[in-house]
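A.B. asks: A predicted structure for the sequence below; I have some questions about it.
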Amino acid sequence: MAKPQDERTLVLVKPDGVIRGLIGETILRFEKRGLKIIALKMVWPTSEHIDQHYPSHNEWFSNVGSRTSEFFKNKNIDVKEHFGTENAVEIGKQVKDWLLDYMTVGPVVAMVIEGMHAITTVRKLVGHTYPIEALPGTIRGDFSVDTPSAANVEKRVVKNIVHASGNEDEAMHEIEHWFSPEEIHHYKRADEHIMF
């Protein structure tokens, strides 16, 4: 296992974050926490690029569909009325189609972040996937109030400002998908010797 301080993750500032001018604020949150930006670029992705970023297997579709169904159930909203099905895989496929549409409406800022338990730390800083559930002090909790009950009824994704890899396998796939090895840089922050 690599040292915890060398862990890497991928973060995307999504089109809503870019358009709203939240790139700097997002980066600031990570850097203030002691994380290091080791790759950074702005890209206007194609549908094909986004399709390859997100998984296309039934387990992922089922997970997305189940979370959506659960949220609807907790809000007393009929999921079948809005999706035409209660099948979690089919719901997940619809959500992925909306992701492809949304993630290509404008540029995104992609970055590789390195640091102490970067995957978990970044996920905590980003906040819950659904901004309405995200705690104040997180990026989503401070800058968005969107919710699946509004988004999915309008046949769109939840606008939640950022994407952050969920685990090591995702991080590895996503970093390789967005960056070549030559685009990833190695350097020491001036305060690394104090932090860990």
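C.D. replies: Structure received. Numbers count the residues shown, from 1 in each chain.
A.B. asks: how about the strands of this structure, start to end?
C.D. replies: For the chain, applying DSSP state E gives strands covering 8-13, 36-43, 108-114, 162-164.
A.B. asks: List of residues touching the second one?
C.D. replies: Outside strand 36-43, the residues within contact range by CB atoms under 8 Å, 6 or more residues apart in numbering are 8, 18, 27, 30-31, 49, 107-115, 175, 178-179, 183-187, 189. Every residue, glycine included, has its C-beta placed from N, CA and C.
A.B. asks: How about the third one?
C.D. replies: Defining contact as CB under 8 Å, 6+ apart, one finds that strand 108-114 is touched by 5-15, 17-18, 23, 26-27, 30, 35-45, 122, 175, 178-179, 184.
A.B. asks: Sketch out the low-pLDDT regions of this structure for me.
C.D. replies: Within the chain, the stretches with pLDDT under 70 are 1.
A.B. asks: what's near enough to touch the one residue sitting closest to the centre of it?
C.D. replies: Geometric centre of the chain, nearest residue: His163, 1.3 Å, by CA atoms, centre = their mean. By CB under 8 Å, 6+ apart, the residues touching His163 are Leu10, Val11, Leu12, Lys14.
A.B. asks: CA atoms only: put the helix ranked longest in the chain into PDB for me.
C.D. replies: For the chain, the longest helix by residue count, based on DSSP state H, is helix 58-74. Output in PDB follows, covering the C-alpha atoms of helix 58-74 (Å, rounded to 0.1, in the frame of the first residue of the first chain):
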ATOM      1  CA  ASN A  58     -25.800  -3.000 -14.100                       C
ATOM      2  CA  GLU A  59     -24.300  -2.700 -10.600                       C
ATOM      3  CA  TRP A  60     -23.700   1.000 -11.100                       C
ATOM      4  CA  PHE A  61     -27.000   1.600 -12.800                       C
ATOM      5  CA  SER A  62     -28.700  -0.300 -10.000                       C
ATOM      6  CA  ASN A  63     -26.900   1.700  -7.300                       C
ATOM      7  CA  VAL A  64     -27.900   5.000  -8.900                       C
ATOM      8  CA  GLY A  65     -31.400   3.900  -9.500                       C
ATOM      9  CA  SER A  66     -31.800   2.600  -6.000                       C
ATOM     10  CA  ARG A  67     -30.600   5.800  -4.400                       C
ATOM     11  CA  THR A  68     -33.000   7.800  -6.600                       C
ATOM     12  CA  SER A  69     -35.900   5.500  -5.800                       C
ATOM     13  CA  GLU A  70     -35.100   5.700  -2.100                       C
ATOM     14  CA  PHE A  71     -35.000   9.500  -2.200                       C
ATOM     15  CA  PHE A  72     -38.400   9.600  -4.000                       C
ATOM     16  CA  LYS A  73     -39.900   7.200  -1.500                       C
ATOM     17  CA  ASN A  74     -38.700   9.300   1.500                       C
END
